[in-house]
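**Student:** Just to be clear, the model below is a prediction. Sequence and coordinates:
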Amino acid sequence: MAFTLYSLFEAALLCINAVAVLNEERFLSKIGWGADQNRGFGEEVGVKSQIIDLIRSVRTLMRIPLIFFNALTISLLLVLG
Amino acid sequence: MDPPTAKKSKQRSKRHQQPQLFDDTSMHPPAGTYGQSPGYPQTYPQGYSQGYPPQQAYMAPGTAGYPGYMPTGHPSEPAQHYGEQIFNDPMAAMAVQYGSNLAGHGKEYVAKNIDKYVPVSRLKYYFAVDNGYVGKKLALLFFPFSHMDWSIKYNQHEPVAPRYEVNAPDLYIPVMAFVTYLLVTGVVLGTQQRFSPEQLGMEASSLLVWLVIEVACLMLVLYIMNMKTDLKYLDVLAYCGYKYVGMIAVAIACMIFNNMGFYVALGWVSCSIMFFLVRTLKVQILPEAEADQLTGSKRRIYLLLLIAILQPIFIYWLTSGLFSYRPTLIGKMAASL
């Protein structure tokens, strides 16, 4: 129960890493969550297409900052234990 | 001292377009004492302090123009020996001027872009409260069952100052309740003889973390379910912060009446917070259902129930740390009466 702000940062970082690791062509297409499998109609904006969009945008936007944040966290953990 | 006066003068120039939200008793004379107070420039290198006046002269046309942008070499106030040494070297003078230039640009960039992340202009509406509103809202939080009219009478796309409308959310009560709850937790732990100052910091961090998690989850659910409501994240923050008021009551009850008081207060506070949130959010989330398909309204009802169920769970989770099997001193005194 004793959460610090740092543990929140760590948890968020791990979650975003988990989303960023989902490979487009090897995994998401196989289970029908690929980015090209829902385009076409602009009307039906269901839960699944929102999640697919969210995953794709997280993967596109957070690649570079994730490199930086991961490096920072790893070095902090190495130094401070 | 400088950024607040710059911001206030910018607000003053726009004041005639917006209704007066609260009495601004904090207006200092605009940079009147800036050049004359010898204490202030001594904390910064001279070129840095001279980098600010051009923006101030731009934003507050009433102030007298400052000598100029270039450091003139020898400032007129009694400067420190340290300051004089910098300006005897032209390279250092240029570097200081470049640094001040950069600082000025950075300040402008932040001022332009801050509105995207923290909507500063909307933020002041959440703190425009008065005593009548706070009293009525606190009474509503503890006893919402007799309130009849929960609608917010305002134009849907303009924010309303809570001073004029009891049902509008505000951020003043959650912030105050947060701090008060931390202090009350300290007192309760003290009566149980397990207080130490680090506990306050840990408790503050935990509370903040859980609040952030709750708001983030709710915003995520709102986005994924694609529900277009008028709720911004500041509104969700306000509604999630109202439970701290209930938690204060639970903590005080835990201190005075030991276990029984804790459970009774927990039950009452849970019921009233659930009722309050369901009635308040029903007005804001459910009316959109007429424009949506039929399945949309079912999702919104589920979301409402989710928000309502989350509150007692959080209240119990967060206050269970206060629960102790040793009777407190006050509890013993109350029992012996």
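**Tutor:** Sure thing, it's come through.
**Student:** Please read off the pLDDT at residue B:32 from the model.
**Tutor:** Confidence at residue B:32, expressed as pLDDT, is 44.
**Student:** cool, and residue A:70?
**Tutor:** Note for residue A:70: predicted pLDDT of 93.
**Student:** And for residue B:186?
**Tutor:** pLDDT, read off for residue B:186, is 90.
**Student:** I'd like to know how far it sits from residue B:193.
**Tutor:** 13 Å (Cβ to Cβ, to the nearest Å). In short, each C-beta sits where N, CA and C put it, glycine included.
**Student:** which of the two has more neighbours?
**Tutor:** Neighbours per residue, other Cβ atoms under 10 Å in any protein chain shown: of residue B:186 and residue B:193, the larger number sits with residue B:186, 15 against 10.
**Student:** what kind of secondary structure is that one in?
**Tutor:** Following DSSP: H, G, I helix; E, B strand; the rest coil, we place residue B:186 in the helix state.
**Student:** Tell me if I'm right that it and residue B:195 touch.
**Tutor:** Yes: using Cβ atoms under 8 Å, residue B:186 is in contact with residue B:195, at 6.1 Å.
**Student:** Point me to the residue of chain B nearest chain A.
**Tutor:** residue B:209 (4.1 Å; Cβ to the nearest Cβ).
**Student:** just checking, what packs against the helix or strand hosting that residue?
**Tutor:** Here residue B:209, judged by DSSP states H and E, is contained in helix B:197-224. Helix B:197-224 is packed against helix A:5-20, helix A:47-61, helix B:172-191, helix B:233-241, helix B:294-319, with contacts defined by 3 or more Cβ pairs under 8 Å, 6 or more residues apart in numbering or on different chains; DSSP states H and E.
**Student:** now the angle from the second one to helix A:5-20?
**Tutor:** Following axes from the mean of the first three to the mean of the last three Cα atoms, to 10 degrees, one obtains 110 degrees for the angle between helix A:47-61 and helix A:5-20.
**Student:** tell me how far the helix or strand just after helix A:47-61 is from the chain's mean position?
**Tutor:** Next along the chain after helix A:47-61, taking DSSP H and E as the criterion, comes helix A:63-80. Distance, stretch centre to chain centre, for helix A:63-80: 16 Å (Cα atoms, centre = their mean, to the nearest Å).
**Student:** In terms of secondary structure, what does helix A:63-80 contact?
**Tutor:** helix A:5-20.
**Student:** Can I get stretch B:221-237 in PDB? Just the C-alpha atoms.
**Tutor:** Output in PDB follows, covering the C-alpha atoms of stretch B:221-237 (Å, rounded to 0.1, in the frame of the first residue of the first chain):
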ATOM      1  CA  VAL B 221     -12.700   4.000 -20.100                       C
ATOM      2  CA  LEU B 222     -14.300   7.100 -21.400                       C
ATOM      3  CA  TYR B 223     -12.100   7.100 -24.500                       C
ATOM      4  CA  ILE B 224     -12.400   3.500 -25.300                       C
ATOM      5  CA  MET B 225     -16.100   3.400 -25.000                       C
ATOM      6  CA  ASN B 226     -16.100   6.400 -27.200                       C
ATOM      7  CA  MET B 227     -18.500   8.400 -25.100                       C
ATOM      8  CA  LYS B 228     -18.600  12.000 -26.000                       C
ATOM      9  CA  THR B 229     -19.500  13.700 -22.700                       C
ATOM     10  CA  ASP B 230     -18.700  17.200 -21.500                       C
ATOM     11  CA  LEU B 231     -16.500  15.800 -18.800                       C
ATOM     12  CA  LYS B 232     -12.900  17.000 -19.100                       C
ATOM     13  CA  TYR B 233     -10.300  15.500 -17.000                       C
ATOM     14  CA  LEU B 234     -10.500  18.300 -14.500                       C
ATOM     15  CA  ASP B 235     -14.100  17.400 -13.900                       C
ATOM     16  CA  VAL B 236     -13.200  13.800 -13.300                       C
ATOM     17  CA  LEU B 237     -10.500  14.900 -11.000                       C
END
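**Student:** which parts of the helix holding residue B:209 are buried?
**Tutor:** B:199, B:203-207, B:209-212, B:214-215, B:218, B:222 (16 or more other Cβ atoms under 10 Å in any protein chain shown).
**Student:** That helix to helix B:172-191, inter-axis angle?
**Tutor:** Helix B:197-224 and helix B:172-191 meet at an angle of 140 degrees, taking the same axes, to 10 degrees as the criterion.
**Student:** what is the orientation angle of helix B:197-224 with helix B:294-319?
**Tutor:** 170 degrees.
**Student:** Just give the number of residues close to residue B:273.
**Tutor:** Neighbour number of residue B:273 under other Cβ under 10 Å is 24.
**Student:** cool, the one 3 residues further on as well?
**Tutor:** Residues near residue B:276, counting by other Cβ under 10 Å, number 25.
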